[in-house]
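Undergrad: my questions concern the predicted model and sequence given below.
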Amino acid sequence: MMTARSAIAGNRRPVRRGARISLTPLVDVVFILVIFFMLASSFSRTNTVEVVPPAAPSGSAGAQVDHATLTILGQGAYDLDGELLNDAAIGPRLRALHGERLIVRTDGAARLQDVVAFLDLAHSVGLSGFALATERVRDEESDR
């Protein structure tokens, strides 16, 4: 005679254990792909800001060049030909310089972010004809 327990036990199916998947080969393949893409890529430096140095005036050495000079002082302050301006006042002044030569230089306290903010402001007012003046940094190794 069949008891309730034996009937329940007879209807049970054997429990199948899932196959264990090892992640070691997957990690190896991903590591090899990372190495491949690192070796296949190029790490060249790209220049995104075109810097045009001001041209030397032709003619006599004492000839005057008609241009405006803007100094980026940092933290939203600018010096336009001796006049101190802030972020709010520089935009209309740059619009007024449309067509005039502008030389832009930085003060020692100006950061790269200040220069980028000026470039963004110049783009927003449509100013494109300016030159960024830079100072040559002397490298100790090149002096030897």
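TA: Done, it's in. Note that the structure is a prediction, hence the values are computed from the model and not measured.
Undergrad: only C-alpha atoms from now on, for both contacts and neighbour counts.
TA: Noted.
Undergrad: next, the contact list for Ser128, please.
TA: Ala122 (C-alpha atoms under 8 Å, 6 or more residues apart in numbering).
Undergrad: again, 10 Å this time
TA: Applying C-alpha atoms under 10 Å, 6 or more residues apart in numbering to Ser128 gives the contacts 98-99, 101-102, 119, 122.
Undergrad: beyond the longest helix along the chain, next helix or strand please.
TA: When the chain is parsed with DSSP state H, its longest helix is helix 24-40. Using DSSP states H and E, the next helix or strand after helix 24-40 towards the C-terminus is strand 68-74.
Undergrad: quick one: buried residues of that following strand?
TA: Buried residues in strand 68-74, counted by 16 or more other C-alpha atoms under 10 Å: 69-74.
Undergrad: now do that strand: which elements does it pack against?
TA: strand 77-80, strand 83-86, strand 102-106, helix 112-125, strand 130-132 (3 or more C-alpha pairs under 10 Å, 6 or more residues apart in numbering; DSSP states H and E).
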